[in-house]
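Peer 1: Give the three-dimensional model of this entry:
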Amino acid sequence: MTDNVACALCYLLGLVTGILFLVIEPYSKNRNVRFHAFQSIFLNVAWIAIMIVLSILGTVTHGIMFLLSPLLGLGFFCLWLYMMWSAYQNKKIVLPVIGPIAEKQA
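Peer 2: Numbers count the residues shown, from 1 in each chain. Just a heads-up that it's a prediction; the model follows:
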């Protein structure tokens, strides 16, 4: 499998494929694949944390935040597709906050 396909697949199932590509040999040694795997993992952990916070805020504010949740979900979906497409095109997109952390880990 080529590096660009491996980088794109890191984003496919988020945590699962990110961890998988960190463990599978030849890809675990490739710095570019490791960067995309870590960034995918961190992106999904951030998304899970955001959804938990929105759920708590939605409960406290009696549903106002639940109106915002579908918009954020659509935004995350578009970001996910963009990151997969960019990785497939061999473009290295460094996301704010989590991107530099992923670069240090890779």
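Peer 1: Helices of this protein, start to end?
Peer 2: Taking DSSP state H as the criterion, the chain carries its helices at 3-12, 15-23, 31-60, 64-88, 98-105.
Peer 1: Need the ones you listed in TSV (columns: mean pLDDT and mean neighbour count).
Peer 2: C-beta coordinates here come from the backbone N, C-alpha and C atoms, glycine included. Below are the helices of the chain laid out as TSV (pLDDT from 0 to 100; neighbours: other Cβ atoms under 10 Å):
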stretch	mean pLDDT	mean neighbour count
helix 3-12	91	20
helix 15-23	91	17
helix 31-60	89	17
helix 64-88	88	14
helix 98-105	90	15
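Peer 1: surely Trp98 meets Ser40?
Peer 2: Careful, residue 98 is Ile and not Trp. No. With contact defined as Cβ atoms under 8 Å, Ile98 does not reach Ser40; the gap is 9.7 Å.
Peer 1: Skipping adjacent residues, who's closest to Ala8 in space?
Peer 2: Tyr88 (3.9 Å; Cβ to Cβ, 6 or more residues apart in numbering).
Peer 1: Please give me every residue in contact with that neighbour.
Peer 2: Tyr88 sits next to 4-5, 7-8 when contact means Cβ atoms under 8 Å, 6 or more residues apart in numbering.
Peer 1: what's the most distant pair in those?
Peer 2: Greatest spatial distance in these: Val5 and Cys7, 7.3 Å, computed using Cβ to Cβ.
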